[in-house]
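Visitor: Predicted model and sequence follow; I will ask about them next.
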Amino acid sequence: MDSKDKPLVEGPKIFSIEEILETATPTQYVNVDVEKFTKVPGCIRLGSLTTDELTEWQDATDERTKKTAGLRLLIQSLVDADNQRIGNPRYIDALKKKSAGMINHLVDEVLKLNHLNVKSDAAKNG
């Protein structure tokens, strides 16, 4: 192999766009222990969002909806034991009445799962 055939970067394989589209998993999952916030042991399962879902959430976040941005993101991320989405916007008002500590903890986990870095509490439940 002469120098023009050598890869520019040594190390792990560099994926082509086709390989990215074929191999990237659309959703990752995490179980979040919430026993310290509930009366019984257990966890809440969250699923990462697609780029489309995140874009839709960002586009829907304006001054009017900023206070519920974190709750809306959490609701979109809730999944059951079979990884089926279970969130519904109709639960926003009920979740507003739950422990802010638990909701903020879950929103933080959603942000981490989706590799989002929010510098203020504006993306949480206000």
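Guide: Perfect, I can see it now.
Visitor: quick one, longest helix in this protein?
Guide: Scanning the chain for the helix with the most residues, using DSSP state H, yields helix 100-113.
Visitor: List the buried residues of that one.
Guide: For helix 100-113, burial by neighbour count (16 or more other CB atoms under 10 Å) applies to M102, I103, H105, L106, V107, E109, V110, L111, L113. (Each C-beta comes from the backbone N, C-alpha and C, glycine too.)
Visitor: For that helix, name the packing helices and strands.
Guide: With contacts taken as 3 or more CB pairs under 8 Å, 6 or more residues apart in numbering; DSSP states H and E, helix 100-113 sits against strand 29-33, strand 43-47, helix 69-77.
Visitor: Next, format the buried residues of helix 100-113 as JSON lines and append pLDDT and distance to K66.
Guide: Putting the buried residues of helix 100-113 into JSON lines (pLDDT from 0 to 100; distance: CB to CB, whole Å) gives the following:
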{"residue": "M102", "pLDDT": "94", "distance to K66": "21"}
{"residue": "I103", "pLDDT": "95", "distance to K66": "15"}
{"residue": "H105", "pLDDT": "95", "distance to K66": "20"}
{"residue": "L106", "pLDDT": "97", "distance to K66": "18"}
{"residue": "V107", "pLDDT": "96", "distance to K66": "13"}
{"residue": "E109", "pLDDT": "96", "distance to K66": "20"}
{"residue": "V110", "pLDDT": "97", "distance to K66": "16"}
{"residue": "L111", "pLDDT": "95", "distance to K66": "15"}
{"residue": "L113", "pLDDT": "96", "distance to K66": "21"}
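Visitor: What is the nearest of those to T65?
Guide: V107 (14.8 Å; CB to CB).
Visitor: Tell me the spacing between the closest one and I20.
Guide: Distance, V107 to I20, using CB to CB, to the nearest Å: 28 Å.
Visitor: try G47
Guide: To I20, G47 is 20 Å away according to CB to CB.
Visitor: Same check on D108?
Guide: 28 Å.
Visitor: for N31, same thing?
Guide: For N31, the distance to I20 (CB to CB) stands at 27 Å.
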